[in-house]
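Colleague: Below is the structure, and that's it, no one-letter string:
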């Protein structure tokens, strides 16, 4: 079925993301103006100050408030003065004790009493939410993680109380989603910053509590996200798409971390002897790829985070192992489209890249260049990437395979030829090469790939590409001219392989 084409959008036309960011910026300016005039706590104002945190406005917009020391001090002072009016809300007691205190006062059926209790709950969440975000903003990840988890625990206790106010339940759901996403960012950022090398098998056998934390946070995000929002809806507002894109992007980040934390130990033999690496857990890598694809389909035109998501998809393809080069090439071309045709309109939101992502992108880039010059000599549905092992949580990839498939022009001078095959360690700068190696994986040795194994990975790659197409069209209705050309070229190449 042909894909419909929409007219090419001129660079002079308004861009959705740019309009949204301008709206965010104006909102922040208004909040700053009101904050300057208010020396006392005003719940409406402070609820609106929490909103950009909850709805994850771009950091470049939010920093106008939280990067200013005088604004920060004023916010913290006003919140502290207000909560000191309620001795029963001593936050040092912990979330459970405070929720019990609130629960004792809820027996009254007087509606005004319920409203007063909701005011107290809002005050606690505003204070702790902003306090946690300030720590996050200054990259104090462990302290921020602890503070945001306090908020999540408090909400879990409060939700058990018999409040019927729909509006307040909606606020608690938003807090749950956003605080859980910040928690996951803190956990992931701290783990990457302090990533441990894995030189011995004992460490690989040690259970990592990071995985359990992230899985519980993922559950909170999914449990509190409205199922109707998760469905594709062409009537979604720009903001709804923006926020859904953020949710899927963060879920992708969680799956990426889970793929590493739940990776499986592999012993392999290099020229220097036996050593250990980690194979990312493919079930989580697949979740990572799919959620980043969903995020891309929600991104507004002009949002630079689409490139971040594409880079992470490409990283996932490398980590999965044995994915066909033609599949990686498609996503590399898609990234090139966004860089080439939307580059002038992209508003840059700075996101952290770790060395693992950079390594995977370097491999993919070299692969893409080599394949573009060599694909006429090979059948795309047969040529696969090597398997990938991690030598540290930060990256340091080693690529291994059990046979040789050399592309024309590959340099193999440092290999050792024996019986028509080469035995050597394949490192990150040797692309597309497949090498005989010794690998223990669940006490089994795998020396040959069956044809059904090759087809399985080919079908999986095609599934991911079709998933991207379907998600994009569900959320954007039409391909523009450039994307239509990209898709037609891919379909033509696939047809030529059959």
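Modeller: Arrived safely. Since the model is a prediction, treat every value here as computed from it, not as a measurement. Numbers count the residues shown, from 1 in each chain.
Colleague: I'd say residue 247 and residue 221 touch.
Modeller: Yes - counting by Cβ atoms under 8 Å, residue 221 is a contact partner of residue 247 at 6.8 Å. The C-beta positions use only the backbone N, C-alpha and C, and glycine is treated the same way.
Colleague: domain assignment for this protein?
Modeller: Domain assignment for the chain, taken from automatic domain parsing, gives 15-194, 197-408+417-498.
Colleague: Spatially nearest residue to residue 80, not counting backbone neighbours?
Modeller: With sequence-adjacent residues excluded and distances taken as Cβ to Cβ, 6 or more residues apart in numbering, residue 80 is closest to residue 127, at 7.8 Å.
Colleague: Also residue 41?
Modeller: Nearest non-adjacent residue to residue 41, counting by Cβ to Cβ, 6+ apart: residue 82, 3.8 Å away.
Colleague: Reduced to three states, what does the most centrally placed residue in the chain come out as?
Modeller: Compute the mean C-alpha point of the chain, and by Cα atoms, centre = their mean the closest residue is residue 253, 2.7 Å away. At residue 253, secondary structure determined by DSSP: H, G, I helix; E, B strand; the rest coil is helix.
Colleague: Which residue is the nearest non-sequential neighbour of it?
Modeller: For residue 253, the nearest residue in space outside its immediate sequence neighbours is residue 188; the separation is 6.0 Å by Cβ to Cβ, 6+ apart.
Colleague: what residues are up against that neighbour?
Modeller: Under the criterion of Cβ atoms under 8 Å, 6 or more residues apart in numbering, the contact partners of residue 188 comprise 214, 253, 254, 256, 257.
Colleague: Closest one to residue 27 out of those residues, please.
Modeller: Looking at those and their distance to residue 27, the nearest is residue 253, at 26.1 Å (Cβ to Cβ).
Colleague: Let me know whether the closest one touches residue 184 as I believe.
Modeller: Yes - the pair residue 253 / residue 184 is scored as a contact, 6.7 Å apart, by Cβ under 8 Å.
Colleague: how deep is residue 90 tucked in, by neighbour count?
Modeller: A count of nearby residues for residue 90, using other Cβ atoms under 10 Å, gives 13.
Colleague: With adjacent residues omitted, what lies nearest to it?
Modeller: With Cβ to Cβ, 6+ apart as the measure, residue 98 is the residue that lies nearest to residue 90, at 7.7 Å, once sequence neighbours are left out.
Colleague: Which pLDDT value belongs to that neighbour?
Modeller: At residue 98 the predicted local confidence, pLDDT, stands at 91.
Colleague: All further residue positions should be reported with the first residue as 34.
Modeller: Right, with 34 as the first residue, what we last looked at is residue 131.
Colleague: which residue ranges form the helices in the stretch 334-483 of the chain?
Modeller: Per DSSP state H, counting those that start in this stretch, the stretch 334-483 of the chain has helices spanning 338-353, 358-374, 388-407. These are given in chain order.
Colleague: Out of those helices, which gets the lowest mean score?
Modeller: Ranked by mean pLDDT, those bottom out at helix 388-407, which scores a mean of 84.
Colleague: mind checking how far the residue nearest to residue 292 when sequence neighbours are not counted is from residue 244?
Modeller: Closest residue in space to residue 292, ignoring its immediate chain neighbours: residue 317 at 3.7 Å, by Cβ to Cβ, 6+ apart. When distances are taken as Cβ to Cβ, to the nearest Å, residue 317 and residue 244 turn out to be 9 Å apart.
Colleague: Where does residue 55 fall, secondary structure wise?
Modeller: Residue 55 is located in helix 49-70, with elements delineated by DSSP states H and E.
Colleague: Go ahead and name everything in contact with that helix.
Modeller: Where contact means Cβ under 8 Å, 6+ apart, the residues beyond helix 49-70 that reach it are 78, 81-82, 85, 90-91, 94-95, 97-98, 104, 107-108, 271-272, 275, 332-336, 378, 380.
Colleague: And the next helix or strand past it?
Modeller: helix 76-87.
Colleague: and that next one, average pLDDT?
Modeller: Over the span of helix 76-87, the pLDDT mean works out to 94.
Colleague: correct me, but residue 299 touches residue 423?
Modeller: No - look at residue 299 against residue 423 with Cβ under 8 Å: they stay out of range, at 9.6 Å.
Colleague: Assumed the residue nearest to residue 292 was part of a strand.
Modeller: No - with the criterion set as three-state DSSP, the secondary structure at residue 317 is helix rather than a strand.
Colleague: Distance check, it against residue 131.
Modeller: Noted for residue 317: a distance of 36 Å to residue 131, by Cβ to Cβ.
Colleague: do residue 504 as well
Modeller: Distance from residue 504 to residue 131, counting by Cβ to Cβ: 42 Å.
Colleague: Same question for residue 330.
Modeller: For residue 330, the distance to residue 131 under the criterion Cβ to Cβ works out to 41 Å.
Colleague: So residue 299 and residue 423 - more neighbours on which side?
Modeller: Neighbour count, other Cβ under 10 Å: between residue 299 and residue 423, residue 423 has more, with 23 against 20.
Colleague: shaky segments in the stretch 184-333 of the chain?
Modeller: Low-confidence regions of the stretch 184-333 of the chain, defined here as pLDDT under 70, cover residues 197-199, 228-241, 260-269, 302-306.
Colleague: Strands of that one, start to end?
Modeller: For the stretch 184-333 of the chain, the strands identified by DSSP state E, counting those that start in this stretch occupy 297-303, 306-312, in order along the chain.
Colleague: In TSV, list those along with distance to residue 495.
Modeller: Shown next, in TSV, are the strands of the stretch 184-333 of the chain (distance: least, Cβ to Cβ, whole Å):
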stretch	distance to residue 495
strand 297-303	26
strand 306-312	23
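Colleague: could you list every residue that touches residue 214?
Modeller: Applying Cβ under 8 Å, 6+ apart, we find residue 214 in contact with 89, 250, 254, 279, 280, 283.
Colleague: of all those residues, which comes closest to residue 399?
Modeller: residue 283 (29.8 Å).
Colleague: Surely that closest one touches residue 217?
Modeller: Yes - taking Cβ under 8 Å as the contact criterion, residue 283 and residue 217 are neighbours in contact, 6.3 Å apart.
Colleague: Could you tell me which residues touch both of those two?
Modeller: Common neighbours of residue 283 and residue 217, using Cβ under 8 Å, 6+ apart, are residue 254.
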